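Trainee: what follows is a predicted protein model with its sequence.
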Amino acid sequence: MTKYVGLSPLGVFLRKLRIDRGETLKNMADKLGCSSSYLSAVEVGKKKVLDSFCNKFLQVYSLTTVESELYDQAIKDSATVINVDFRGVSHENRQLFMTFIEKLKNGEISEDMKKEIELVLKESNRKHYLIGD
């Protein structure tokens with residue numbers, strides 16, 4: 001099975017569908033009435049998928065039952081994926097971020113600890129504005 005690196009779950013679905021049907025990005029974009037750049041941004045998760053896009057997609061493409069189920073799941077999974085731009089962020093800070101997210105996701109951070117972190121961040125933000133940094 002082909003691995004689609006850097007794509008959102010919906011992007012994987014759309015790209016596979018395009019390839020399976022012999023379409024280019026531009027062909028699909030034209031059929032859907034959107035730009036190639038928008039469709040590409042949707043595939044990589046940089047643009048939010050609009051309801052109008054989903055409605056048009058379902059009007060234009062006749063999906064099999066299996067494709068329809070995969071499409072629905074891809075939409076749900078894409079809604080839970082957030083892309084983070086780490087350009088200019090140190091390796092140590094990336095690791096800190098990833099560790100925090102993993103522990104948060106696994107329920108390893110208590111409500112009290114979340115409140116403490118929130119207070120620290122708010123205080124840091126307040127000091128930032130007071131200092132004028």
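Mentor: Received, thanks.
Trainee: can you give me the helices for the chain?
Mentor: 9-20, 25-32, 36-43, 51-60, 65-79, 91-105, 111-131 (DSSP state H).
Trainee: show me what counts as buried in the second one.
Mentor: If I follow you right, that is helix 25-32. 28, 29, 32 (16 or more other CB atoms under 10 Å). The C-beta positions use only the backbone N, C-alpha and C, and glycine is treated the same way.
Trainee: include distance to residue 116 and pLDDT when you put those residues into JSON lines, please.
Mentor: What follows is those, written out as JSON lines (distance: CB to CB, whole Å; pLDDT from 0 to 100):
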{"residue": "28", "distance to residue 116": "48", "pLDDT": "96"}
{"residue": "29", "distance to residue 116": "47", "pLDDT": "96"}
{"residue": "32", "distance to residue 116": "47", "pLDDT": "95"}
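Trainee: let me have these in TSV, adding distance to residue 86 as columns.
Mentor: Formatted as TSV, the buried residues of helix 25-32 follow (distance: CB to CB, whole Å):
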residue	distance to residue 86
28	29
29	28
32	31
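Trainee: all good on my end, thank you.
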